[in-house]
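# attaching a predicted model along with its sequence, questions to come.
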Amino acid sequence: MKLTVSHIAKTYEGRAILKDCSYAFDRNSTYVLMGKNGSGKSTFLRICALLENPDGGTVDYRENDALLQPDMSLRRRITLVLPRIGVFNTTVSRNVAFPLQVRGLSHADIEARVNKTLAFVGLDRKKGQQARTLSSGETQRLGMARALVLDPEILFLDEPTASIDEENTRIIESIIKDMRKEGRAMVIMTTHDNAQAERIADRVLVLDHGFFQPDKTT
Amino acid sequence: MQTSAMLPEFRPASVRALITIMNSLIQGFVQALDLILHLDPVLFGIILLSLKVSGCALLIATAFGLPAGALLGLKRFPGRDLAISSTNTLMGLPPVVVGLFVYLLLSRKGPLGFMGLLYSPSAMIIAQTILAIPIVTALCHSAIVNVDPIIRQAARTLGATPRQVTITIIKEARYGILSSIIAAFGRVMAEVGAILIVGGNIAGYTRVMTTTIALETDKGNFELALALGIILLAISFSINAILHAVQKKGTVPVS
């Protein structure tokens, strides 16, 4: 699946956040989106993830060059991890089971995938724990697990390591790198951390005054 | 210093009166315990009717209040703010006013007089339901709007349909919703004004705990009033203990 955005514009309360953003995201790469606070990175991600409509421009998902309709079935092949995770008031494993439950998967199927994913992010020993008692780093990993359990084709991460310690940052980065290596999903993420961008990005995009800066490749 | 040295016969009249009252209270208390421990049929008939009337009222109030509270909490529609303010105001509805209103409604000349419900347990259930609905609705609404908005977004990003998002939010509010029902139960159990007016406090038919306490206190029969008072307090205490436990379970500390 490919994602092409063309001429995206978005205005909030009279302020033009995004003016004209175009880019073609190809499969099996990790894209890192950078820019100052308020430069529209999160808005851009939300628009790409079909959670918000742009004021102008188009977001096209294509499969073998056929345009996909932006409906529920497409929305379920992509997912966005918010900077604040929004933990459901229940156990860790039920949190991770949620996206599978809303898709109506069988009980056995859900359990197998939840266990596999929790092991992948290193939370398997906490599966029965009340999710709101996790540390902030573990919560971030829970957010990753809740997205990864879906096997999304495109994973959007909005500041996945902004509020957590070095060790958990390393764990999250290695999860992203593993996904890249296994060709599991295309990752499009935002960060403030230049060094982090260097470590994991195939491509870095810089948003400034509503436009993408000329392409920088690492 | 001088007071403590005084002999009993020199105690002023007010102190003597107080001692008399204390004695009759203690006597009443002992007799009350006797009634409770010997499972007095009149006493337990009254308790049972109380639970029945308030329980039915609560069931009906929940059936209306929960959907109404959920609607106010989840949907945006014209007049919503007015509806919320009205519900909050109705929470503090004076029971005697509700009693009067239901009385006029059910009295022989009233619009529903033909049903012959006045001075019956049904009339009491109607009055308590009217008292309980705004409580369930308002507290259920506040439980739902207090769910962190990030939950809605998280559910959406994880592929939930709008309907599933709604269910998720209601599930998140479950402890608050349960609290609203328990709070309403506490209110109607302890209520006396409305049911006294529409029930008439008829022995063996519409006499419940609170109305009996009011009547027996008037007559100076403290033992039955006290026995019921103790039980009412015990029920109130249990309700609040459960409410506290529910709320505690709902607010998991963030480490």
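Received the coordinates, thanks.

# how about the nearest residue to A:H7, chain neighbours excluded?
A:G57 (3.9 Å; CB to CB, 6 or more residues apart in numbering or on different chains). All C-beta spots, glycine's among them, are computed from the backbone N, C-alpha and C.

# let me see the contact set for the one you found.
A:5-9, A:20-22 (CB atoms under 8 Å, 6 or more residues apart in numbering or on different chains).

# could you rerun that using 6 Å?
The contact partners of A:G57, by CB atoms under 6 Å, 6 or more residues apart in numbering or on different chains, come to A:6-9.

# ok, now B:N88?
Counting by CB under 6 Å, 6+ apart, the residues that B:N88 touches are B:A138.

# what's the spacing between the nearest residue to A:I78 once chain neighbours are set aside and chain B?
Spatially, and ignoring its direct neighbours in sequence, A:I78 is nearest to A:I154 (4.4 Å; CB to CB, 6+ apart). Distance of A:I154 to chain B, computed by CB to the nearest CB, to the nearest Å: 12 Å.

# now the phi/psi pair for the residue nearest to A:H7, please.
When quoted as degrees, to the nearest 10, the phi and psi of A:G57 stand at phi 90, psi 180.

# just A:K36 next, same as before
A:K36 adopts backbone torsions of phi -70, psi 170, taken as degrees, to the nearest 10.

# show me where the chain has its strands.
No chain was given, so I picked chain A. Applying DSSP state E to chain A gives strands spanning A:2-12, A:15-25, A:30-35, A:56-63, A:66-67, A:78-81, A:154-158, A:186-190, A:203-208, A:211-212, A:216-217.

# nearest to A:G128, of the ones you listed?
Nearest to A:G128 among those is strand A:78-81; the distance by CB to CB comes to 22.9 Å.

# by contact count, what packs against the closest one?
When contacts are defined as 3 or more CB pairs under 6 Å, 6 or more residues apart in numbering or on different chains; DSSP states H and E, strand A:78-81 sits against helix A:136-148, strand A:154-158.

# now the ones you listed as CSV including mean neighbour count and mean pLDDT?
Below are those laid out as CSV (neighbours: other CB atoms under 10 Å in any protein chain shown; pLDDT from 0 to 100):
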stretch, mean neighbour count, mean pLDDT
helix A:136-148, 24, 93
strand A:154-158, 24, 94
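
# adding distance to B:Q128, write these out as a markdown table.
What follows is these, written out as a markdown table (distance: least, CB to CB, whole Å):
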| stretch | distance to B:Q128 |
| --- | --- |
| helix A:136-148 | 44 |
| strand A:154-158 | 50 |
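
# to B:I36, which of the ones you listed lies closest?
Nearest of those to B:I36, taken as CB to CB: helix A:136-148 at 51.2 Å.

# other residues contacting the helix ranked longest in chain A?
In chain A, taking DSSP state H as the definition, the longest helix is helix A:166-182. The contact list for helix A:166-182, computed with CB under 6 Å, 6+ apart, reads A:30, A:137, A:144, A:160-161, A:185, A:187, A:200.

# contact partners for A:T90?
Per CB under 6 Å, 6+ apart, neighbours of A:T90: none.

# could you tell me which residues of chain A lie near chain B?
A:76, A:79-80, A:84, A:86, A:89, A:98-99, A:102, A:130, A:132-133 (CB under 6 Å from any CB of the partner chain).

# closest one of these to B:A227?
A:N89 (41.8 Å).

# how about the contacts made by that closest one?
Counted by CB under 6 Å, 6+ apart, A:N89 has contacts B:E172.

# state the pLDDT value of A:E166.
At A:E166, the model reports a pLDDT of 89.

# and the residue of chain A nearest chain B?
Here chain A gets closest to chain B at one residue, A:G86, 3.0 Å apart by CB to the nearest CB.

# low-confidence stretches in chain A?
Scanning chain A for pLDDT under 70 picks out A:215-218.

# skipping its backbone neighbours, what lies nearest the residue of chain A closest to chain B in space?
Counting by CB to CB, 6+ apart, the residue nearest A:G86 is B:A154, at 3.0 Å.

# now do whichever helix or strand B:V15 is part of: distance to the chain's middle.
According to DSSP states H and E, B:V15 maps onto helix B:13-37. Offset of helix B:13-37 from its chain centre (CA atoms, centre = their mean, to the nearest Å): 28 Å.

# so what does that helix touch, helix or strand wise?
Partner elements for helix B:13-37 (3+ CB pairs under 6 Å, 6+ apart): helix B:222-250.

# can you name every helix or strand that the helix it packs on contacts?
Under the contact criterion of 3+ CB pairs under 6 Å, 6+ apart, helix B:222-250 touches helix B:13-37, helix B:174-189, helix B:209-219.

# cutoff 8 Å now
Helices and strands touching helix B:222-250, by 3 or more CB pairs under 8 Å, 6 or more residues apart in numbering or on different chains; DSSP states H and E, are helix B:13-37, helix B:41-74, helix B:174-189, helix B:209-219.
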